[in-house]
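S.K.: Build me a model:
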Amino acid sequence: MTPSREQITGLVLAGGRGLRMGGVDKGLQTLHGEPLASHVLQRLAPQTGALVISANRHPDVYAALGAPFGATVVADSMPGFPGPLAGLLAGLRVAGTDFVLSAPCDTPNFPADLAERLAQALDAQQADIATVTTVGADGKPSLHPVFALLRTSLADDLAAWLAAGERKVRAWYECHKTVEVVFTDERAFYNINSLQELTDLERS
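M.R.: Sure, this is the predicted structure:
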């Protein structure tokens, strides 16, 4: 059965170092007067039930941003900013639902039907993980692995993977039945990696 909205916890991944932005907290940088993380929360809220923000800095600020959505803020259980898989693990651990839908804090325009399409594909393929692929103008596919719908039952396996020193998202996905869902609008998954890119998006 395709997971319903109420069975999915939305997870905003905002726990990175923001090194390509000079070390700033990326989720708190503003676009059109609102923090990037707020844009992502607004996109996730209609698609999921409960909401969680994975953040390793400024928890009080994120708590205030998440308050209108009833979002919980969690930090990585591992020190040293070990990457997006640690944020995923934190979300899987705290979720009270069978599924988690993750989205990075730096991609504010992802599709409104993201959860629906990933849930349908996961159910149809009886997969453990559903993630996003887009096809560029050159015809080449691009995987967007931090956009993913995952079963929360994967938490212990992911914890063991991280404890073994592994960090690569795609490599972990390859250990499980994963389905890639093709979205035709590549621009919807445009992620902001620098302050200049943020300025460019503001002007567009």
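
S.K.: hey, let's count contacts and neighbours off CA atoms from now on
M.R.: OK.

S.K.: how about the helices of the protein, start to end?
M.R.: 36-44, 59-66, 84-94, 114-125, 155-163, 169-173, 195-203 (DSSP state H).

S.K.: Turn those into CSV, columns for distance to residue 142 and mean pLDDT.
M.R.: Output for the helices of the chain, formatted as CSV (distance: least, C-alpha to C-alpha, whole Å; pLDDT from 0 to 100):
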stretch, distance to residue 142, mean pLDDT
helix 36-44, 21, 97
helix 59-66, 30, 96
helix 84-94, 18, 95
helix 114-125, 16, 98
helix 155-163, 24, 96
helix 169-173, 12, 96
helix 195-203, 19, 63
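
S.K.: Include mean neighbour count and distance to residue 131 when you put those helices into CSV, please.
M.R.: Converted to CSV, those look like this (neighbours: other C-alpha atoms under 10 Å; distance: least, C-alpha to C-alpha, whole Å):
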stretch, mean neighbour count, distance to residue 131
helix 36-44, 22, 15
helix 59-66, 17, 24
helix 84-94, 24, 13
helix 114-125, 20, 7
helix 155-163, 15, 16
helix 169-173, 14, 9
helix 195-203, 13, 24
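
S.K.: Could you export the ones you listed to TSV, including columns for distance to residue 52?
M.R.: Formatted as TSV, the helices of the chain follow (distance: least, C-alpha to C-alpha, whole Å):
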stretch	distance to residue 52
helix 36-44	9
helix 59-66	8
helix 84-94	7
helix 114-125	15
helix 155-163	15
helix 169-173	20
helix 195-203	24
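
S.K.: That's all I had, so thanks and see you.
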